[in-house]
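>>> Prediction below, plus the sequence it came from.
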Amino acid sequence: MLSISKIPRRFDDYQKRHTGLSFLIAVLKKYGDDQAGNQAALITYYAFVSLFPLLLVFFTVLGSGLKHHAQLQERIINSVLQYFPVIGQQLQNNIHGIHRAGLSLVVEIIIVLYGARGVANTLQNACNHLWDVPPKLRPGFPSNLIRSMELIVGGGLGLVLTTTGLSYATGIGHRSALVKLPLVVIALLLNCLVFLLVFRIATAPSIKTKSLILGAVVSAVFWQILQTIGSFLVLHEFREASAVYGIFALVLGLLFWFYIQTQFTLYAMEINIVRVKKLWPRSIT
């Protein structure tokens, strides 16, 4: 009869002989060893703090650029806010653009972007921490500041484009699957490029770009799946929180949405690291 104390060792031997399982366990163990959950919580906090200033800038720029095309402006805003399942409408009701013009508008936008750089800085720190990049090889000032702005502008615009495209693809209900499928695939490919861009900017130059590709693809797939089932996830969380916290349920819903996406993104990054550094199989005992 098999002793209970021997079961972990038997399973350990089993997983070491099977590449897929041992790779998965290595990713999970590295995520725990790196305390990536703490990194995800920190990114979530700064993403929440940065969200409102960034949406303020987005609404302002969109309003100035499309002030004579109200319908197109509304369509883009609605598509972007679908990135936030269930709670997007509440955000739209509470955020409005900056009503200024000329140089004062430009200065205020720059100040707001500078104040919202926290999420980009934190993402850079998380990427370099997971890759174990020595501090002397990490970008310093002003390079890290420039990279943060590139993350905000490049990553932000990329997500706007992919979210708008996916929203359009899933919103044409009267069209056949032959029409929808290519649009969804295009949105997925764009998401892969956006995540590769984000990983490339956020990670120190000492890490080669080809080492980031697999994680970018996995992140894009995770992201698209979350967008598909996001309404169910957030609605469940939102309903539970609304009964107890009322208006603060919006805050909890946003934090939950950011945290689950951040966790998946960091797991995808760990997949890159485990593959490149050949960190499997690993013992669980």
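That came through fine. Residues are numbered from 1 along each chain as shown.

>>> for the helix or strand that contains Ile260, packing partners?
Taking DSSP states H and E as the criterion, Ile260 maps to helix 249-277. Under the contact definition 3 or more C-beta pairs under 8 Å, 6 or more residues apart in numbering; DSSP states H and E, helix 249-277 sits against helix 19-33, helix 36-65, helix 118-130, helix 177-202, helix 213-245. C-betas here are computed from N, CA, C, even on glycine.

>>> Quick check: buried residues in it?
249-250, 252-276 (16 or more other C-beta atoms under 10 Å).

>>> do the same with stretch 191-198
Neighbour-count burial for stretch 191-198 flags Asn191, Cys192, Val194, Phe195, Leu196, Leu197, Val198 (criterion: 16+ other C-beta under 10 Å).

>>> Residue ranges in the stretch 51-200 of the chain under the pLDDT threshold?
82, 85-102, 105, 164-180 (pLDDT under 70).

>>> The same query, at a cut-off of 80, please.
Counting by pLDDT under 80, the low-confidence segments of the stretch 51-200 of the chain come to 53, 55-116, 156-157, 159-184.

>>> I figured Arg147 hits Gln124, correct?
Yes - in terms of C-beta atoms under 8 Å, Arg147 counts as a neighbour of Gln124; the distance is 6.3 Å.

>>> shared neighbours of the two, which are they?
Common neighbours of Arg147 and Gln124, using C-beta atoms under 8 Å, 6 or more residues apart in numbering, are Pro139, Ala202.

>>> about what we covered before: between the helix holding Ile260 and helix 177-202, how big is the angle?
If you take axes from the mean of the first three to the mean of the last three C-alpha atoms, to 10 degrees, helix 249-277 sits at 70 degrees to helix 177-202.

>>> looking only at pLDDT, what's the mean for helix 249-277?
Per-region confidence: helix 249-277 scores 90 on mean pLDDT.

>>> Just give me the closest of the buried residues of stretch 191-198 to Thr44.
Each of those was scored against Thr44 by C-beta to C-beta, and Val198 proved nearest at 16.0 Å.

>>> out of everything not next to it in sequence, what's closest to the closest one?
Counting by C-beta to C-beta, 6 or more residues apart in numbering, Gly155 is the residue found nearest to Val198 once chain neighbours are left out, at 4.7 Å.
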